[in-house]
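In: This is the structure alone, sequence omitted:
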Ligand code: ATP
């Protein structure tokens, strides 16, 4: 288990990280969220042992992270750190050797991953000749070459198209199923909702929302109802517990303050003819964030 306990870090007078704690168990995918400058990279550097915290502690399976465990860690840095003059194969051999892998193991794992990421033809190509998205694939492949027990991904989806986000997602889920602990940072909430079970949201270095996504959504009892059809919005607005009715292009979104209000809304809507849709949805993580800290998260 990765245990981050009460870490804080200041750069001079500026407090970049304030008493951050969380745990990640084998098989868990953990999302570290925050807008630019929230403190994500600082947290990662401390976890990796590249930066000392002013206070607090980070342990992996009960031991402090140092050179003895780095072979079991994979890291995709935010500053993409490829050796662009090397070929893909040379780059993999370089990093794989640093992680203590044999040449045979590196080559077989590299070929398997190039195939899965649909870029086997780039094996002998120089990295600088690849597109940005494909360079990102190669960097990701390098980070997971050694099947790390702990995988840290700083903004892994930045600049990827949806098809490639899906390729990365599949691989990350597969690694979690095989028991890896995975942490990734992002400033896009929808990426987290795609596959994270547990999150922490940082705002100016401080955790403002944390825990299992399902618990967070459960505790936040507000829900949204989407309705298509000819409904009496004035009557619905008057129902106790209805926070508002928003008219969208071809449907209505009804915001309610508690799931128990659904039946009352449904009873009113039943009176209308031609109802083509009635769906009750959990609020998005972004909506929860906005209501919690009173400012918008997505940029
Ligand atoms: P981004 O999404 O933009 O990468 P981040 O959440 O990763 O942001 P950090 O890079 O951890 O944020 O930075 C947190 C804060 O600390 C920022 O305000 C940044 O300006 C500041 N900071 C980071 N590194 C240093 C440093 N070496 N010296 C001084 N201030 C720093």
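Out: Cool, got the structure. Here the structure is a predicted model, which is why all the values come from computation and not from measurement.

In: Pull the contacting residues for the closest residue to residue 106 other than its chain neighbours.
Out: The shortest distance from residue 106 to any non-neighbouring residue, by CB to CB, 6 or more residues apart in numbering, is to residue 96 (3.5 Å). Every C-beta, even on glycine, is put in place using the N, C-alpha and C of the backbone. Counting by CB atoms under 8 Å, 6 or more residues apart in numbering, residue 96 touches 103, 105-106, 109-110, 145-146.

In: and what of residue 259?
Out: Taking CB under 8 Å, 6+ apart, we find residue 259 in contact with 221, 223, 280.

In: Surely it is within a strand?
Out: No: if the criterion is DSSP: H, G, I helix; E, B strand; the rest coil, then residue 259 is coil and not within a strand.

In: Need the phi and psi values for it.
Out: Note on residue 259: backbone dihedrals following degrees, to the nearest 10 are phi -60, psi -20.

In: now it: how far from the ligand?
Out: Residue 259 is 34 Å from the ligand, where distance means CB to the nearest ligand atom, to the nearest Å.

In: Which SSE is immediately downstream of the host helix or strand of residue 268?
Out: For residue 268, the host element (DSSP states H and E) is helix 261-269. Later in the chain than helix 261-269, the nearest helix or strand by DSSP H and E is strand 277-281.

In: Report the rounded mean pLDDT for the next helix-or-strand element following that next one.
Out: Note on strand 277-281: by DSSP H and E, the next helix or strand toward the C-terminus is helix 285-293. Across helix 285-293, pLDDT averages out at 78.

In: hmm, who's touching helix 285-293?
Out: Contacts to helix 285-293, defined as CB under 8 Å, 6+ apart, come from residues 189-190, 192-193, 199, 201, 203, 208-209, 213, 216-217, 220, 222, 296-298.

In: Likewise for stretch 229-243?
Out: 222, 244-245, 247, 252, 254-258, 260-261, 264-265, 268-269, 271-277.

In: I'd like to know which of those residues are buried.
Out: Neighbour-count burial (16 or more other CB atoms under 10 Å) applied to the contacts of stretch 229-243 gives 222, 245, 252, 254-256, 261, 265, 268-269.

In: Output those in TSV, with pLDDT and distance to the ligand appended to each entry.
Out: Formatted as TSV, the buried ones among the contacts of stretch 229-243 follow (pLDDT from 0 to 100; distance: CB to the nearest ligand atom, whole Å):
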residue	pLDDT	distance to the ligand
222	84	28
245	95	36
252	95	36
254	95	35
255	92	30
256	93	34
261	94	37
265	94	39
268	93	45
269	93	43
